[in-house]
Each structure stands twice: as structure tokens, then as C-alpha cells.
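1. sequence and computational prediction follow.
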Amino acid sequence: MVHKTELTVRGCIASKHIVQLFDDAASRANSVSRFVLEGLNAGDAVLVVARTKHWNAIANRMEKAGATIAGAAHSGNLMVCDAAQTLSQFMRDGQPVPRRFEAVVGRIVAQLSRRPRRKLRIYGEMVDLLAEEREFAAAQALENLWSELGLRRSFTLLCGYSSAHFTDPATAAVLSSICDTHTHVRVGTEDLLGNWVLRRLVDAQAHARIA
């Protein structure tokens, strides 16, 4: 199902895994900058794994809102990683390798989670790089690795995809599977195409249940 909200909870570990479809770079920058600023203003640690061009747009929005990017990075509250470079460190033969993912991403998450009682927010678009190449199985495998990490470490993760990857009706099953991996599907008012794609998926699911 598409619209669901729940926490993945195991003992004292509680994680939230969110997905959002963005229509363009501006809508992505607006939404992600708000997500990051909310975390920093609350005293959370924030990890951003994004394309350089997207991070530049996000940082520009944050600075216009009064954020000091250099200060947040210097204090250890903000870490920014290049999505393609990070992804390349744990991909082998077109698939993410769990052991390497843990060594790369798991290590960073552990580092940012080290301070007691400090929450962690993550924005990531490595999965979007895979979807852009229509490597949907690899994107799904990476989402699963994030979910498994969320059982060991507490964080709120926002995964950003381009809406354009899912306009083809043939990708409906893929999108449904991706949504099911997440605890919440976020819908932005700016993302008209993303909303249409998700509504089409919901309608198809409803029709399948009736049939």
C-alpha cells in the first residue's frame, strides 16, 4: 500500500524511512532544505548524500533561510557526501554489497549517532541514481539495506526520487515495491507529476483488490 505511517521499532531503536517523488530540482531543494533545517534547528545530526548540483541548490535555500552551513559542518552536526562517489564504494556487479554498505554507510551513521540522545536525520538520493539508470532491482536492494540498518540504528531517512522515473505504467510494480519498503510516502504540493503517479498507483491497487 502507498500511504502508511509507522515507525520501525526494535527495542530502543526507532527509525522512520520516508520516500518522496520530486518533479524537478527546485521542488527537491525546497523540500530537502526544510527537512535538513528542521533537524539542525532541533539539535539533530544531519547526513546528506546527494548529487553536488542538488546539494548546492539545497544549501542555497538553507543560507537564504539564515542557516550557517560551514558552522553546522564544523560543529559536526552536518555531514555532506557525494551520492555517486559514496554509491561507487559499495556497488559490485550492479548490486549493493551488504558488507561494503555497512563499512561505508554504516560507519558514517554510527559516527553521527555516537553522541548520546542526539537524533539523526538523513537525506539520500543514491537510490535515485540507480533508478535513473533503470536499475530498479539494485535500488530496491539498497532500500532494503537502509531498512536493515534502521533496525540497528535510530534515524529518520528521507529518500528522494525523480517522479519522471515512474511515469511509464510498466514501472507501477517497481514503485509499489519501493513504497512498501518505506514506513511513509511523503507527497509534496509542488510535485504535481509525483502526485499523479502515486494516485495512479493507488487506483491500480484498489482496482486489483476489487478484481
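-> In hand now; what should we look at?

2. which residues of the chain score low on pLDDT?
-> Filtered on pLDDT under 70, the chain yields the residue ranges 1-13, 207-211.

3. tell me where the longest strand sits in it.
-> The longest strand of the chain (DSSP state E) is strand 13-22.

4. each with direction, which strands does it pair with?
-> According to DSSP bridges, strand 13-22 forms sheet pairs with strand 8-10 (antiparallel), strand 156-162 (parallel), strand 184-186 (parallel).

5. okay if I get those strands as JSON lines plus mean neighbour count and distance to F35?
-> All C-beta atoms are positioned from the backbone trio N, CA, C, and that covers glycine. Output for those, formatted as JSON lines (neighbours: other Cβ atoms under 10 Å; distance: least, Cβ to Cβ, whole Å):
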{"stretch": "strand 8-10", "mean neighbour count": "14", "distance to F35": "18"}
{"stretch": "strand 156-162", "mean neighbour count": "23", "distance to F35": "6"}
{"stretch": "strand 184-186", "mean neighbour count": "19", "distance to F35": "9"}
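
6. nearest to G71, of those strands?
-> Ranking the strands paired with strand 13-22 by their distance to G71 (criterion: Cβ to Cβ) puts strand 156-162 first, at 22.2 Å.

7. and that closest one, how far out from the chain middle?
-> Strand 156-162 has its average C-alpha position 2 Å from the chain's average C-alpha position, going by Cα atoms, centre = their mean, to the nearest Å.

8. next, the angle strand 13-22 makes with whichever helix or strand comes after that strand.
-> Next in sequence after strand 156-162, counting helices and strands by DSSP states H and E, comes helix 172-181. Angular relation of helix 172-181 and strand 13-22 on a 0 to 180 degree scale: 150 degrees, by axes from the mean of the first three to the mean of the last three Cα atoms, to 10 degrees.

9. center of the protein - which residue?
-> By Cα atoms, centre = their mean, the chain has its centre lying nearest to C159, at 1.5 Å.

10. would you agree that one is in contact with N144?
-> No. Using Cβ atoms under 8 Å as the test, C159 is too far from N144 to be in contact (12.0 Å).

11. quick one on the thing from earlier: what's the closest of the strands paired with strand 13-22 to N30?
-> If we rank these by Cβ to Cβ, the stretch that ends up nearest is strand 156-162, at 11.7 Å.

12. residues in contact with that closest one: which ones?
-> The list of residues contacting strand 156-162 from outside it, by Cβ atoms under 8 Å, 6 or more residues apart in numbering, reads 15-23, 28, 31-32, 35, 39, 119-125, 127-128, 131-132, 143, 146, 150, 178, 182, 186.

13. kindly report the same for stretch 113-131.
-> Contact with stretch 113-131 is made by 32, 35-36, 38-39, 42-51, 54, 83-84, 86-87, 109, 112, 136, 138-139, 142-143, 146, 153-162, 165, 178, as judged by Cβ under 8 Å, 6+ apart.

14. from those residues, which ones fall inside helices?
-> 32, 35-36, 38-39, 54, 83-84, 86-87, 109, 112, 136, 138-139, 142-143, 146, 178 (DSSP state H).

15. so how far is L201 from T189?
-> Between T189 and L201 the distance, using Cβ to Cβ, to the nearest Å, works out to 18 Å.

16. tell me which of these two has more neighbours.
-> For T189 and L201, the more surrounded residue by other Cβ atoms under 10 Å is L201, and the numbers stand at 21 against 8.
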